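>>> What shape does this take:
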Amino acid sequence: MDKDQVQVPLEAPAPPVPILQNASNKSRKLILQKYTIYETSTRVYIVGSNGRETMFRVLEIDLTTPKEELSIVEDNVFFTRKEIMDVLSKLEETSEEGLMKRLTGFGLLGFIRFTDCYYLCVVTKRSPIAILGGHYIYHIDDTELIPISNNYRKPDNYSEEARFLATFANLDLSKTFYFSYTYDLTNTLQRNILREKRKAYGFPSNGKFHDQYNEMFIWNSSLLKPIMQTYDRIYDWFQPIIHGFIDQANVSIFDKKIYITVIARRSHHFAGARFLKRGVNNQGNVANEVETEQIVSDLLTTSFHDSKMGFYNNPRYTSYVQHRGSIPLFWSQEGTNLKLAKPPIEIDIVDPFYSSAALHFDDLFKRYDCPILILNLIKVKERNPRETKLLKEFEECINYLNKFLPEDNKLNYTSWDMSRASKSDGQDVIEFLETYADQTLQKTGIFHNGSNFKGTNLQEGICRTNCIDCLDRTNAAQFVIGKKALGYQLFALGIIDDVFIDYDSDVVNILTEMFHDHGDTIALQYGGSHLVNTMETYRKINQWSSHSRDMIESIKRFYSNSFIDAQRQEAINLFLGNYVWEKGKPMLWDLNTDYYLHNIQSLTSHKFKRSYTHWWTDSNLIKFNEYYDLKFDDNDNEDEERLEPYQGFFDNYWNEYYVPRKLTFFEKLFEINMNSTLRYISPSQNLEEAFNISPFKSRKQTSINYKLKKLELQRRKRANLKNNDDSDGKNLNSSKNLEFLVTRQQLNELSLSSNKFKKEIEITKAKEQDYIFGNILTQEDYITPSLTNSSISTPSFQSTADDNKNGIYDSINQNIEVSFSNLKIYSESCNQELNVLPTSNNKKEIETKESLEYNNLLNLPKINSKDYEFYESMINLQQ
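Here you go, the predicted structure:
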């Protein structure tokens, strides 16, 4: 038996329990999904099993040790069902008071101690919320604390232990906490896939990226600390959980499944309620820090693996990541004054070197690479300065930090007063955000998994969005960026041939719902109420009907900030381990402030100080491509690598997705009940819409689609001119060059249509020659289908041969004029200035007119400057 294979100790005078010598295969991974807790007078036994309950492991906790100590023994031995029953039977026989079954659960979160004994936190109820690559993601529905003591008694109602238990219960673990048995929720899809790809090809691990879970997003990390030093297989038994938001929806494209998954991870550093956690602490952690990931996948193949190309080489997965967080300065608001709904903003500490902000941005470099794009949405002008106090200081902070950064790595800062723009009739919030989103996507790219290292495109950089609370305005901006990213992701997957997606289409409507729920959840966690301003507010839709809702949510948020936030903050500090009870020290509820719980580094610390000028870490500025060795040629040993699984690989999670030996009803399957775009198709729709079930068709021809399409045409016209000069040096496989990909695809389509056009002219000319040789032609033979325009009346033909011949030339002349007319309309539409949104008086009339112009614009030929040569050749042909 190996050194760490300790036999399960039993109570004296129990005979030794037989341990399977041939079952202790450590290279095999057993995924525990069900936990049954048994107790004797001296020990607690946790029996873990896989989902089918065919294989088991045993974890033992000694109850005879002092209460402040935790003794855990685990032998890493697998048992079959028959063998585990034998073990439990012998424990029943040898225990003085017998073996008592305490609880059955679906997850273990860790241990916590207040003033008496330790408690084990157990997940007792769960529900599937999403699925990625065949890995189920669960929402925690209920938990329970199990005391680890052989003489436990319920504490008195007025005791300190009871008050700690009540404070702990104020953090409701049954709301917006998530876990997965087999998928790492604490890291992005890009990091998870590339980490496993490197393992599959035998690459050594590097120091920049986490080989395991990202501690920043593990909310139960403090519950795992009591056993972190003494037990090295923690995550075999305990599940790391994240706090935030997860949602998933199915985009049905003529029975083709495309899954959109939104995962928001909230950092547990400097976490808390709105008015109690503002700005940054001295470790560089900002308040309300949330990482939002948008994953779009083609479910033609469910797994991350590809049967032909190998492990984690499925090219049907894409993702895009955004970031939100409070302004990284030392500022605060006093939220206890009931007379002020908007308390004044105060800058508490003025740091001329912006050390904490430097730590924050250095961490962003490490996690997301360069460039870092900062979108600051706070107000620019105020009658009574509040937000504007932070505006000037934040801009000075960015300017200072940029002074010393290399030119290619400078922070890209944009300030825009979104609140003022939304109230102005002359500014369109969506237009600005759409333009900014497109620029952002061009700079950062998206992650698109490839069938090998060379074909994998990485997201390099991040967009960091903030307003004053990082709630309403931030969520609307992130939605627009996410909507633009969705177009790039669907284009990369080959689903659509254009990155532009219309508003009010089914796919955008369902993404709007997901981001609305995402914003509501983040707002409840931080501000205590739902979103006050939603996308309808900034799109100016149903303003009167939403006004009463906004008022109610404002009142809720004010009430929460005034009366409930302090209790929530105490619960968070207790759960996260920011406060740990020690005898002789003040109680949690007696503290006047929790500042010193979140700013642990004292001013007199002798820790190494960072440079005030060289404030970044050099290794954090190295590009992701260099760290991941994406230039590695992995085609030499492709078959060998595909057939030989790498050490530690396991695939028995498929027993959860395809449950063997069990009847499954479709109505109970998670994927059958998933939210889908199909629910937008109503039987009461008219005949045209009933047959057009494409999720990309706009259900409303609003002016916003018309104006955004014009912006898109203008952008592509500029891109055509630019790409004609430097297209030879572009990498067409790069996600950052999607704009060039779209342009090149349009040129190819235009070339095909031009060739067809020329061929039809030749057919017309041949028919003219047939007439000269005496053949009789009908009227339809003179004009080919592509030369016919509905707005042009068919020329009248005479009975004489000369008139018929002239009719052919008149027809060609007329269609040439139509083509040049279309070219002129197209050119003018690309160069004209944007119109102001219609007023309420003539809105319906103008929208109808713009809708017709919009549809006509879509039907125009896509003409490039190169194609003037073709039209000149048409003139020469006619002459």
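
>>> so residue 402 sits in a helix?
Yes: assessed with DSSP: H, G, I helix; E, B strand; the rest coil, residue 402 lies in a helix.

>>> hang on, isn't it packed against residue 409?
No: Residue 402 is beyond contact range of residue 409, at 9.3 Å (criterion: C-beta atoms under 8 Å). For glycine as for every other residue, the C-beta is placed from the backbone atoms N, C-alpha and C.

>>> Does residue 500 touch residue 713 like I think?
No: using C-beta under 8 Å, residue 500 is not in contact with residue 713, being 9.6 Å away.

>>> what's the nearest residue to residue 329 if we skip its chain neighbours?
Ranked by C-beta to C-beta, 6 or more residues apart in numbering and with sequence neighbours excluded, the top spatial neighbour of residue 329 is residue 279, at 5.3 Å.

>>> quick one, what contacts that neighbour?
By C-beta atoms under 8 Å, 6 or more residues apart in numbering, the contact set of residue 279 is 286, 287, 326, 327, 328, 329, 330, 331, 332.

>>> tell me the helices in the stretch 551-700 of the chain, going along the chain?
Residue ranges of the helices in the stretch 551-700 of the chain, as given by DSSP state H, counting those that start in this stretch, are 565-575, 595-598, 624-628, 638-643, 654-657, 687-691.

>>> ok, now the stretch 1-150 of the chain?
Going by DSSP H, counting those that start in this stretch, the stretch 1-150 of the chain shows helices at 81-94.

>>> show me where it has strands.
Using DSSP state E, counting those that start in this stretch, the strands of the stretch 1-150 of the chain run over 34-39, 43-49, 55-62, 71-74, 79-80, 100-105, 107-113, 118-132, 135-148.

>>> To residue 373, which of those strands lies closest?
strand 118-132 (26.7 Å; C-beta to C-beta).

>>> tell me the mean pLDDT for the closest one?
Regarding strand 118-132, the rounded mean pLDDT is 96.

>>> Please parse the protein into its domains.
Split into domains by automatic domain parsing, the chain comes to 166-581+607-628, 703-878.

>>> ok, of these, where does mean pLDDT dip lowest?
domain 703-878 (a mean of 46).

>>> what about the closest residue to residue 314 other than its chain neighbours, how many residues close to it?
Nearest non-adjacent residue to residue 314, counting by C-beta to C-beta, 6+ apart: residue 306, 4.7 Å away. Residue 306 has 19 neighbours, counted by other C-beta atoms under 10 Å.

>>> what do you get for residue 672?
12.

>>> Who are the contact partners of it?
Counting by C-beta under 8 Å, 6+ apart, residue 672 has contacts residue 666.

>>> now do 10 Å
The contact partners of residue 672, by C-beta atoms under 10 Å, 6 or more residues apart in numbering, come to 250, 664, 665, 666.

>>> Could I get these in CSV, plus columns for distance to residue 455 and neighbour count?
Shown next, in CSV, are the contacts of residue 672 (distance: C-beta to C-beta, whole Å; neighbours: other C-beta atoms under 10 Å):
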residue, distance to residue 455, neighbour count
250, 26, 18
664, 36, 10
665, 40, 7
666, 36, 8
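
>>> nearest to residue 50, of these?
residue 664 (17.4 Å).

>>> Pull out the buried positions in stretch 460-473.
With burial defined by 16 or more other C-beta atoms under 10 Å, the residues of stretch 460-473 counted as buried are 460-473.

>>> That one: end-to-end distance?
25 Å (C-alpha to C-alpha, to the nearest Å).

>>> what does stretch 257-274 give?
Stretch 257-274 has an end-to-end distance of 39 Å (criterion: C-alpha to C-alpha).

>>> now swap in stretch 230-247 and tell me
In stretch 230-247, first residue to last residue: 37 Å (C-alpha to C-alpha).

>>> do the same with stretch 178-186
Start and end residues of stretch 178-186 are separated by 10 Å (C-alpha to C-alpha).

>>> buried sites along it?
Here stretch 178-186 shows 178, 179, 180, 181, 182, 183, 184, 185, 186 as buried, counting by 16+ other C-beta under 10 Å.

>>> Check these against residue 160 and report the nearest one.
residue 179 (30.8 Å).

>>> Can you give me the distance of that closest one to residue 31?
Residue 179 sits at a distance of 13 Å from residue 31 (criterion: C-beta to C-beta, to the nearest Å).

>>> Next: residue 280.
Distance of residue 280 to residue 31, computed by C-beta to C-beta: 39 Å.

>>> Equivalent analysis for residue 300, please.
Residue 300 sits 26 Å away from residue 31, going by C-beta to C-beta.

>>> what about the two, which has more around it?
Neighbours around residue 300 and residue 31, counted as other C-beta under 10 Å, are more numerous at residue 31. The numbers are 17 against 11.

>>> circling back to that earlier point, so which of the strands of the stretch 1-150 of the chain is nearest residue 573?
Taking C-beta to C-beta, strand 107-113 is the member of the strands of the stretch 1-150 of the chain nearest to residue 573, at 12.7 Å.

>>> Keeping just the C-alphas, turn the closest one into PDB.
What follows is strand 107-113, C-alpha atoms only, in PDB (Å, rounded to 0.1, in the frame of the first residue of the first chain):
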ATOM      1  CA  GLY A 107     -21.900  19.100  -2.500                       C
ATOM      2  CA  LEU A 108     -19.400  20.100   0.300                       C
ATOM      3  CA  LEU A 109     -18.400  23.700   0.600                       C
ATOM      4  CA  GLY A 110     -16.000  23.500   3.600                       C
ATOM      5  CA  PHE A 111     -15.700  24.200   7.300                       C
ATOM      6  CA  ILE A 112     -16.300  27.300   9.400                       C
ATOM      7  CA  ARG A 113     -15.900  27.900  13.100                       C
END
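
>>> elements contacting that strand?
If contacts are counted by 3 or more C-beta pairs under 10 Å, 6 or more residues apart in numbering; DSSP states H and E, strand 107-113 sits against strand 34-39, strand 118-132, strand 135-148, helix 160-169, strand 177-179, helix 221-228, helix 234-237.

>>> and among these, the most buried is which?
Neighbour counts (mean count of other C-beta atoms under 10 Å) averaged over each of the helices and strands packed on strand 107-113 peak at strand 177-179, with a mean of 22.

>>> Which SSE is immediately downstream of that strand?
For strand 177-179, the following helix or strand on the C-terminal side (DSSP states H and E) is helix 189-200.

>>> and the angle from that following helix to strand 118-132?
Interaxial angle of helix 189-200 relative to strand 118-132 (axes from the mean of the first three to the mean of the last three C-alpha atoms, to 10 degrees): 90 degrees.
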